Each structure stands twice: as structure tokens, then as C-alpha cells.
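Enquirer: sequence and computational prediction follow.
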Number of protein chains: 2
Amino acid sequence: MIRTQALTFTQDCNDCPIRHRAVCARCETDELARLEEIKYYRRFEAGQSVVWSGDRMDFLGSVVNGVATLTQTMEDGRTQMVGLLLPSDFVGRPGRVEAAYDVTATTDLVMCCFRRAPFERMMHETPHIAQRLLEMTLDELDAAREWMLVLGRKTAREKIASLLAIIARRNALVGTADDHAVTLELPLTREAMADYLGLTLETVSRQISALKRDGVIVLTGKRHVAVPDLVRLMAEAGDDTDGGLPA
Amino acid sequence: MIRTQALTFTQDCNDCPIRHRAVCARCETDELARLEEIKYYRRFEAGQSVVWSGDRMDFLGSVVNGVATLTQTMEDGRTQMVGLLLPSDFVGRPGRVEAAYDVTATTDLVMCCFRRAPFERMMHETPHIAQRLLEMTLDELDAAREWMLVLGRKTAREKIASLLAIIARRNALVGTADDHAVTLELPLTREAMADYLGLTLETVSRQISALKRDGVIVLTGKRHVAVPDLVRLMAEAGDDTDGGLPA
DNA sequence: CGCACACTTGACGAATCTCAAGAGCTGTGG
DNA sequence: CCACAGCTCTTGAGATTCGTCAAGTGTGCG
């Protein structure tokens, strides 16, 4: 078993890796102190479920470390991923106790959880939390709408390229910034990618092979991807080539 | 030219048809008074554009009457609808001046617009507006995610049934409530439906014909649809049959 | 060594798209 | 009043993409 995730994690909000990006980003010192009192950490192993759709959820929280997925499943088993939760993303809906989606850890995962009742009280009393949550929710809505375009109108090849581009963008810090080249580690199995993209895992596999054959990506191990030319990748995704790159 | 929309509309918030559902739903009398000062109405004819993606948008607002769509378009012309805006829905994003999507009136449309700067100021000063907007945004996010399942995993037939079910649900007031039967008026052309569903207009037409042939719907005019059995329709949509019906 | 698991590859078939023709409706102008 | 143009919508035939079913590869682990 690989242990890339740190075994220990921050108890003090000031040292937290997502301090300035998560729902607490705008909190002042005194507000953070209140949050400290109602928070606790939970870990999940890769593959483990965080909650099932319909379950009672008596916490709300942020992903601190690792990756989780939000999925919806039809009665006959067809599954669609509706969100990819990366560090700083928020889980749960204030005012709604029943989980609307399945949440699953796809890597080892650390979450910072807030007890529901006091957190919801705080939301009403301190505007900073609600403001930040609104902003994050609007961002998620934009992301969901971008994904609707991917699901509704892109070809299988474009879908794969779009997913790689999204992961590359959120991993931007890791890649060498010098020349539009990036390497990334896929946090998802082929099946999870298929569920995200509205494809079958066979089609995912075939299109990854095709992108490799055409030199758009270089595979070194099943999950490790090198992108020699990010502009090329984004063109394959059908996106405007100009957006999102460092000048 | 048909004139189903009222020619005059409320100037007084207290008589407004969306008073208790829109972004202003939770406002007190004094807050309404402030909104009255910064609001104005705009009308659009069916087919007219409200804003283009990338345009500067110096207002935010609510749909009062009529239907508008939110769409995204790729360079090669492929189009995906990412939102259907019905009365009470909110348009625009606080804090972002550039429109992210094309907004188009698909019927004659009345919007209640707020001047951006004073509205954003009010959002910071009065919690009721921000709270309500958060709630509405969370609802839209849920709707977008439900739509991701439709786009990614449903068949053409299920997609059509899903769209009809959504329209039927939001028109629930109109239908006879006695026996799970509903009639509805499609506010969209076949092409707009196709853009919503990630299909071609030919496939939309064929599937509507098929649902008609199978007795799931009855067409009286191209746009007027009678649904004899809403439970049947929802089963065709692949949804749980139990949700959403009056007991 | 063999099993489990994630992934790849191939052959075939089904669902959907593309291209094309035509039907039905509305408004316009002779 | 009729003919016609301009729409939206329908229907058909063939092409294409993607899904299904099935076999096979590679790696790690007991």
C-alpha cells in the first residue's frame, strides 16, 4: 500500500493547507477560533464511502487532502459522476440533512468536518462564511455547466482530453511552468473516468490509447501521464486555446 | 402574433407574481423599498437575445414572466443549453461583470433588473438577499447535476421524457391535479430541445413521435402536449416513480 | 504459481447523427 | 382568394460513433 498522503495533518487552522481556499477562507481569527471548536477530522481510505445518497449527514466539511467523487446512480445501475472533489472543495448542503449523492474517496482522504447545527448557526451569524460559500457554490455551478457541454456535445476523444485538461489545470502548481508541458497523476480508475465522462470504460481505454498513439500524451505507468504540449491537449479538448495558461 | 403574456406588469413589488420565490423572497418591507429604487423592467420578444457571452452586464435580475435559456457554444457551432430560466430564476453573477453564457428569450420575456453596483452593495449589507441567493444557487447546482445524469447516461427517449417531466413539474399548478394527468405547452423549439438534451433536432422529433405512437403523450399541435399518465412519463424518464407527485 | 484486479484490444451490433426530401402552417402580395 | 416563400417539424436511408460482449495482457499479492 502506497502512503503518499501525510499520516498526520494539521489541527491548527493557521497551518492548514486549504486555509485560504476553503469555506473558511475569509474568516477572521475569532471566527476561526469558533470553527476550531466545532470541527473534527475524518480519514477515509481509497475506495471507501464517505456517505451514501439518502443517508443522514450530520456534518458539513471540506476536503483537506486527497480526492473524492460525487456520483448519482439510477435503479438499473447506470452511474454518472457529478462532481470531483479536490482539496478545499466543500461537501454537504446547509439546511439539508439527507445526502443527495454518493460521496466516495478515490484516494486516501482527509476531511475537515463541522458539526452541522453549530456550523449552520455560525453561517447566519457571521457573513464571511456564507459569502465564501456562495462564491464557491457559484464556481461549482459554472464548473457543472462547463461539464454539461462536455457531456452533451463533445466526442469521446474530446471528453478524455477535457478531463486531462481539467486535472492538469488544477495541478498547475506541480507541472514545470517553463514550456506548456505538464505531468499529472490520474486520481481515477478508467471506470471512474468513464462515469465522469458518460462513456464506457472500454471507450475510455481506447481513446487514451489513441491520444498516446498520436503523441498528445505520453503514458508512463497506467496512471501517470505526461502532457508535452498543453496547448495541443486543449485544442484536442475543443477548448479555446488561449485560456488558462500562464503568460 | 399571440399575446398570452400580459402587456402590463407590476411596478409594485407587493403585487409581483414572483415576490415570494425570487431573490427578494425573504426581504422585509424596508428592504423591498430599497430594491424598488434600483430596479427597472425590461422586455424581450421571443427569439431576442438578452446578453451574449463575454458581454458586459451591468445589471442582475429575475425572470418575471416568460422563458429564457442559458447556452454555451463551441467555436465550430456546437451548442449546449446549460440552463432553462423560468419565472423567479435569477440571471447574472454578483461580482462578475462579463456574462459567462448567452441568454436568449424563447418566449416573450419580462425581467426585473437591478443595477449592479447598488445591488451588490445591498447584498453585503442585508443578509436576506445573500441567503436567498445561496439557496437558489444550491438549487440550481442540484438541477445542473441532475441534468448531468440526463446528458451522460440516458437514452434519447429517456432524455425527451425527462425534459417533459421537468416542464410538467414546474407547470404543476396548471395541470388538473385530480389524476396524474397534465397538459403543457412546450416553450422550446425542437432545436432548442435538442440543444438542451445533447441530441440533434431530428432525433428529438423522432423520439417525440415514438412517445406519441406509444401513448405516453398526446400531441395537439406541435407544441401542446397532453400527458395522460405522469407516472408513466416519469418511468419512461428512468426516474423513481414515487417522487414529486401530490399525495 | 495462480488468482485478483485494472486495463487493453478486437469484432460486432445498436443508437444516434448526417444528409436529404417532403409535409404542414403562416403571413404576404398579386 | 390563391400562390408562394419562409419557417418548423417529420420522416427516410445510409454512415458513424460508441456500446456490448469477449478474450487477452500485465502487475501485485497470497
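Expert: The structure has been received and is ready for your questions.
Enquirer: what stretches of chain A score poorly on pLDDT?
Expert: Applying pLDDT under 70 to chain A flags residues A:1-10, A:172-179, A:241-247.
Enquirer: check it and tell me which residue is nearest its centre.
Expert: Nearest to the centroid of the C-alpha atoms of chain A, with distances taken as CA atoms, centre = their mean, sits A:L85, at 2.6 Å.
Enquirer: ok, the residue nearest to A:R93 when sequence neighbours are not counted - contacts?
Expert: When the adjacent residues along the chain are set aside, A:R93 lies closest to B:L138, with 5.8 Å between them (CB to CB, 6 or more residues apart in numbering or on different chains). Where you see a C-beta, it was placed from the backbone N, CA and C, and this is true even at glycine. Under the criterion of CB atoms under 8 Å, 6 or more residues apart in numbering or on different chains, the contact partners of B:L138 comprise A:93-94, A:137.
Enquirer: what about B:L138, which SS state?
Expert: Assigned by DSSP: H, G, I helix; E, B strand; the rest coil, the conformation of B:L138 is helix.
Enquirer: got the domain boundaries for chain A?
Expert: Using automatic domain parsing, the domain ranges for chain A come out as A:13-150, A:155-236.
Enquirer: where do the helices sit along chain A?
Expert: Listed in chain order, the helices of chain A (DSSP state H) span residues A:29-38, A:116-125, A:127-153, A:156-170, A:190-197, A:201-213, A:230-236.
Enquirer: residues in chain A within reach of chain B, list them.
Expert: Residues of chain A lying near chain B by CB under 8 Å from any CB of the partner chain: A:70, A:72, A:74-76, A:78-80, A:82-83, A:93-95, A:100-101, A:124, A:127, A:130-131, A:133-135, A:137-138, A:140-142, A:144-149, A:151-153, A:197-198, A:238, A:240.
Enquirer: what subset of these is buried?
Expert: In terms of neighbour count (16 or more other CB atoms under 10 Å in any protein chain shown), the buried residues within the residues of chain A next to chain B are A:70, A:72, A:78-80, A:82-83, A:93-94, A:100-101, A:127, A:130-131, A:133-135, A:137-138, A:140-142, A:144-149, A:151-153, A:197-198, A:238.
Enquirer: also near DNA strand D: which of the residues you listed, exactly?
Expert: Filtering these for proximity to DNA strand D (criterion: CB under 7 Å from any atom of the strand) leaves A:G198.
Enquirer: which residues of chain A lie near DNA strand D?
Expert: For chain A, the residues in contact with DNA strand D under the definition CB under 7 Å from any atom of the strand are A:1, A:155-157, A:198-200, A:202-203.
Enquirer: contact partners for A:E120?
Expert: Contacts here follow CB under 8 Å, 6+ apart; on that basis A:E120 touches A:94-95.
Enquirer: in stretch A:23-38, what's buried?
Expert: Residues A:23-27, A:31-32, A:34-35, A:38 are the ones in stretch A:23-38 that count as buried (16+ other CB under 10 Å).
Enquirer: for that stretch, what is the distance to the chain centroid?
Expert: On the basis of CA atoms, centre = their mean, to the nearest Å, the separation between the geometric centre of stretch A:23-38 and that of its chain is 23 Å.
Enquirer: again, but for stretch A:72-81
Expert: Computed by CA atoms, centre = their mean, the chain-centroid distance of stretch A:72-81 equals 19 Å.
Enquirer: and if you look at stretch A:194-208?
Expert: Taking CA atoms, centre = their mean, the mean C-alpha location of stretch A:194-208 is offset from the chain mean by 18 Å.
Enquirer: swap in stretch A:218-238?
Expert: In terms of CA atoms, centre = their mean, the centre of stretch A:218-238 is found 19 Å from the chain centre.
Enquirer: what comes into contact with that stretch?
Expert: Stretch A:218-238 is contacted from outside by A:154, A:157-158, A:161-162, A:164-165, A:168, A:180-186, A:208, A:211-212, A:215-217, A:240-241, A:243-245, B:74-76, using CB under 8 Å, 6+ apart.
Enquirer: picking that back up, dump the contacts of B:L138 into a markdown table; add distance to B:C113 as well.
Expert: Shown next, in a markdown table, are these (distance: CB to CB, whole Å):
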| residue | distance to B:C113 |
| --- | --- |
| A:R93 | 29 |
| A:P94 | 29 |
| A:T137 | 23 |
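Enquirer: which one among those gets closest to chain B?
Expert: If you rank these by distance to chain B using CB to the nearest CB, A:T137 comes first, at 4.8 Å.
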